[in-house]
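[1] prediction below, plus the sequence it came from.
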Amino acid sequence: EQQAQALFKSWFVDNINPNWEETPLSEVANFYGGYSYKGDELVDNSDVAMATIKNFDRAGGFKLDGYKPIIPSSKLKEEHKANLFDILVAHTDLTQNAEVIGNAEPILSFGSFTEIIYSMDLVKVVPKENFPYKFLLLALLKNRFFKAHSLGYVNGTTVLHLSKKALPDYNVYKPTNEEADKMNSIFEGIYTKMARHLGEIEKLSQLRDTLLPRLM
């Protein structure tokens with residue numbers, strides 16, 4: 001993550017190309033609201049899990065223990081489903097410090113589940129065909145500039161909510177297609193490695209939980 005942030009700073013802050021076009025995020029990405037669920041849809045065991053704001057670590061990063069097993073109703077739409085490396089942005093926060101709201105995180109693992117959907121507290125950001133660079137788009141959102149922008153769109157008292165205008169109104173610098181393709185490939189390598197490490201941690205944790213009772 002530190003490597004990704006250092007690359008972003010080098011390309012888009014310290015050495016930004018003045019010829020790059022500044023464009024609204026809505027020109028290069030689509031936004032999809034999450035699934036509105038009822039409490040009785042949450043269960044103890046299911047092959048389907050729902051990503052929530054509890055998947056967002058307040059120190060940054062994606063936590064697998066935030067998944068909630070669910071049996072969704074027929075209201076579930078295709079756009080409510082999430083794939084590996086899809087970008088989710090938190091639009092709700094239960095603390096007044098706004099530690100999570102406006103944070104962008106990729107889905108790095110499904111954990112033990114076969115399908116992931118995401119809750120109404122999250123918004124999925126999907127690159128458009130004119131900018132098919134998911135990992136570069138992730139880097140453009142996973143930084144202090146987007147976080148600062150988001151804080152200007154927060155409302156609420158007990159529970160904080162991020163305005164739906166925050167994402168479309170955010171401006172990003174758009175490199176040439178050749179540059180964007182190279183950047184995207186580098187970011188893809190970093191986040192693929194992070195996902196692989198997370199998978200190894202999962203396996204080791206399962207092994208520990210299986211063996212430790214026997215050893216005791």
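    On my side now, so go ahead.
[2] contacts and neighbour counts: CA atoms only from here.
    Noted.
[3] okay, and the helix or strand of the chain with the least pLDDT?
    Counting by mean pLDDT, DSSP states H and E, the weakest-scoring helix or strand in the chain turns out to be helix 177-215, with a mean of 91.
[4] identify the residue nearest the geometric centre of this protein.
    Glu105 (2.5 Å; Cα atoms, centre = their mean).
[5] after the host helix or strand of that one comes which helix or strand?
    Assessed by DSSP states H and E, Glu105 sits inside strand 104-106. Using DSSP H and E, the helix or strand that follows strand 104-106 in sequence is strand 115-118.
[6] name the helices or strands packed onto the helix or strand immediately after that next one in the chain?
    Sequence order places strand 122-127 as the next helix or strand after strand 115-118, per DSSP H and E. Judged by 3 or more Cα pairs under 8 Å, 6 or more residues apart in numbering; DSSP states H and E, the packing partners of strand 122-127 are strand 29-33, strand 87-90, helix 134-141.
[7] these: which one's closest to Tyr153?
    The closest of these to Tyr153 is strand 87-90. By Cα to Cα, the value is 12.6 Å.
[8] strand partners of that closest one, parallel vs antiparallel please.
    Counting by DSSP bridges, the strands paired with strand 87-90 are strand 104-106 (antiparallel), strand 122-127 (antiparallel).
[9] now those strands in a markdown table, with distance to Asn45 and mean pLDDT?
    Converted to a markdown table, the strands paired with strand 87-90 look like this (distance: least, Cα to Cα, whole Å; pLDDT from 0 to 100):
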| stretch | distance to Asn45 | mean pLDDT |
| --- | --- | --- |
| strand 104-106 | 24 | 96 |
| strand 122-127 | 22 | 98 |
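[10] make CSV from the ones you listed and add distance to Leu207 to it.
    Formatted as CSV, the strands paired with strand 87-90 follow (distance: least, Cα to Cα, whole Å):
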stretch, distance to Leu207
strand 104-106, 26
strand 122-127, 32
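[11] quick one, which of the ones you listed is packed in tightest?
    strand 104-106 (a mean of 25; mean count of other Cα atoms under 10 Å).
[12] please name the nearest non-neighbouring residue to Asn130.
    Val28 (6.5 Å; Cα to Cα, 6 or more residues apart in numbering).
[13] that neighbour: neighbour count?
    20 (other Cα atoms under 10 Å).
[14] wait, it sits on Lys128?
    Yes. Val28 lies in contact with Lys128 (Cα atoms under 8 Å); the separation is 5.3 Å.
[15] stretch 148-161: which residues count as buried?
    149-151, 153-154, 160-161 (16 or more other Cα atoms under 10 Å).
[16] most widely separated two among those?
    The distance between the two most remote of the buried residues of stretch 148-161 (Cα to Cα) is 15.0 Å, for His149 and Leu160.
[17] which one of the strands paired with strand 87-90 lies nearest to Pro24?
    strand 122-127 (12.7 Å).
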